[in-house]
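Participant: What follows is a predicted structure for the sequence shown.
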Amino acid sequence: MGSSTSKAQEIMKTRAGQPGPNRLYLSPSHIERFCEDALRSVGLLPNVPSAIRIERFIEKKFGLTPEYAALPAGVLGYTAFEAGRPMGLVVDRGLAEADSAVAQRRINTTLAHEAGHCLFHAHLFSKAQESELLFVEMGEDSKTPKILCRDEPAARYDGKWWEFQANAAIGPLLLPKDLVLTAVQPFVESRGLLGLLTLGNQMRSAAEVALAEIFEVNPIVARIRLAGLFPPDQQPTL
């Protein structure tokens, strides 16, 4: 699948002692690096702040063309796996049929979330029986193991570590760190003796709107990304 995926697997293997039969650990910095390396590996990391072609990324990185189909209520998408490889990626057709900028941007977010599963979790499906116990919900077709993704991706942690990790990939894939830092230059200022860059609360809303337009994401995605890079309650004062 590519070097970034191999690196992720090696780091996660070193955490085999984590709670749960297959629980994996990835730090935010590792997720950041893996996503950036993955974009760069297929020539889709822009040189200037601009929207990421996430559907094209999935096609080039994993050899998959995302499909659109009617999904059960509350399911925005899913990724199917076989023998440790992603074999299919499906997004709820209702998002595409909505035909609005907000819906298209939700598609981008959903695709990035599913790409996170492809990057970090494919090797969990090398043993179908274990993966079905972990990921396939009761009442769903389990002939092909899959990760079903319900509700709007968010930054919160609800105990589903695989969903948290896929959510954590959305920011780095759709708003790569270095490009975001370039894009927010008009909104940040240097503070303290060390001249550390900060994003003041009075400029935060304007920065969110700018990032949403530049990277073609909904404002909530820009807000979460900025909160990770410039935490509102941790502004440096040295």
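Facilitator: Structure's in. What do you need? Predicted, not measured: the structure shown is a model, and the values here were computed from it.

Participant: neighbours of P46, just the number please.
Facilitator: Neighbour count for P46, taken as other Cβ atoms under 10 Å: 14. Placement of C-beta: from N, CA and C, glycine included.

Participant: same question but for L89, I mixed them up
Facilitator: By the criterion of other Cβ under 10 Å, L89 has 24 neighbours.

Participant: again with P219
Facilitator: Count around P219 with other Cβ under 10 Å applied: 15.

Participant: which non-adjacent residue is nearest it?
Facilitator: Closest residue to P219 apart from its sequence neighbours, by Cβ to Cβ, 6 or more residues apart in numbering: A212 at 4.7 Å.

Participant: my guess is that neighbour is in a helix, correct?
Facilitator: Yes: judged by DSSP: H, G, I helix; E, B strand; the rest coil, A212 forms part of a helix.

Participant: next one: the longest helix along the chain to chain centre, how far?
Facilitator: As assigned by DSSP state H, the longest helix anywhere in the chain is helix 101-121. Once both centres are worked out by Cα atoms, centre = their mean, to the nearest Å, helix 101-121 turns out to sit 6 Å from its chain's centre.

Participant: Quick check: buried residues in it?
Facilitator: 105-121 (16 or more other Cβ atoms under 10 Å).

Participant: now do stretch 172-190
Facilitator: Buried residues in stretch 172-190, defined by neighbour count with 16+ other Cβ under 10 Å: 172-177, 179-180, 183-184, 187-188.

Participant: Show me what the mean pLDDT comes to for that stretch.
Facilitator: Stretch 172-190 comes out with an average pLDDT of 95.

Participant: now swap in stretch 117-128 and tell me
Facilitator: The average pLDDT within stretch 117-128 is 82.

Participant: again with stretch 37-49
Facilitator: The predicted model gives stretch 37-49 an average pLDDT of 98.

Participant: First-to-last residue distance for it?
Facilitator: 17 Å (Cα to Cα, to the nearest Å).

Participant: what's the distance between it and the middle of its chain?
Facilitator: Using Cα atoms, centre = their mean, the distance from the centre of stretch 37-49 to the centre of the chain it belongs to is 15 Å.

Participant: quick one: buried residues of it?
Facilitator: For stretch 37-49, by 16+ other Cβ under 10 Å, it's 37-39, 41-42, 44-45, 49.

Participant: Now, those that are in strands?
Facilitator: With DSSP state E as the criterion, strands contain none of the buried residues of stretch 37-49.

Participant: And those residues, which two are furthest apart?
Facilitator: S41 and P49 (20.1 Å; Cβ to Cβ).

Participant: ok so, going back, pull the CA atoms of the longest helix of the chain into CSV?
Facilitator: Extracted in CSV, the C-alpha atoms of helix 101-121 (Å, rounded to 0.1, in the frame of the first residue of the first chain):
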residue,chain,number,x,y,z
ALA,A,101,-21.6,23.0,-1.2
VAL,A,102,-22.3,21.8,2.4
ALA,A,103,-23.1,18.3,1.2
GLN,A,104,-20.1,18.1,-1.1
ARG,A,105,-17.8,19.2,1.7
ARG,A,106,-19.4,16.5,3.9
ILE,A,107,-18.5,14.0,1.2
ASN,A,108,-14.9,15.2,1.3
THR,A,109,-14.8,14.8,5.1
THR,A,110,-16.4,11.3,4.8
LEU,A,111,-13.9,10.3,2.2
ALA,A,112,-11.0,11.5,4.3
HIS,A,113,-12.4,9.5,7.3
GLU,A,114,-12.6,6.4,5.2
ALA,A,115,-9.1,7.0,3.8
GLY,A,116,-7.9,7.1,7.4
HIS,A,117,-9.3,3.5,7.9
CYS,A,118,-7.5,2.4,4.7
LEU,A,119,-4.2,3.9,6.0
PHE,A,120,-4.3,2.6,9.5
HIS,A,121,-6.6,-0.4,9.8
